[in-house]
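**Student:** quick one: sequence and predicted model below, then my questions.
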Amino acid sequence: MPFKFDLGAEVVEAVTGFKGFVTGRSDYIAGCRQYCVMPKAKEDGSLMRAEWFDEERLSATGESIAIAGTPTGGPAGAECAPTR
């Protein structure tokens with residue numbers, strides 16, 4: 001089953017009104033799907049923390065962003081590799 005929201009989609013959470021862009025998705029063995037939602041920076045430029053929400057609590061605003069880049073394979077790159 002495909003994810004309901006694409007990466008980069010702007011979503012709003014139903015209970016808190018938290019709004020931001022989908023920057024990550026997680027699909028669990030028990031069927032739960034969650035999305036990492038990153039809000040825009042505050043007017044003073046300070047960043048707010050991203051939060052994870054269940055798919056059922058989110059709705060799309062119709063806005064989206066796209067970020068050009070090269071896949072890095074995640075945080076396990078050379079700078080994060082464990083030392084022996």
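**Tutor:** That came in fine, so what should we check first?
**Student:** mean confidence (pLDDT) on the single longest strand found in the chain, please.
**Tutor:** If you go by DSSP state E, the chain has its longest strand at strand 19-27. For strand 19-27, mean pLDDT is 97.
**Student:** which elements pack onto it?
**Tutor:** Counting contacts by 3 or more Cβ pairs under 8 Å, 6 or more residues apart in numbering; DSSP states H and E, strand 19-27 is packed against strand 9-13, strand 33-38. C-beta here means a position set from N, CA and C on the backbone, and glycine is covered the same way.
**Student:** what lines up beside that strand in the sheet?
**Tutor:** strand 9-13 (antiparallel), strand 33-38 (antiparallel) (DSSP bridges).
**Student:** E13 contacts L58, doesn't it?
**Tutor:** Yes. Using Cβ atoms under 8 Å, E13 is in contact with L58, at 5.8 Å.
**Student:** comparing these two, which residue is more hemmed in?
**Tutor:** Using other Cβ atoms under 10 Å, the more surrounded residue of E13 and L58 is L58, with 22 against 17.
**Student:** contact partners for the more buried one?
**Tutor:** Contacts for L58 (Cβ atoms under 8 Å, 6 or more residues apart in numbering) come out as K4, F5, V11, V12, E13, A14, Y35, V37.
**Student:** brilliant, that's me finished.
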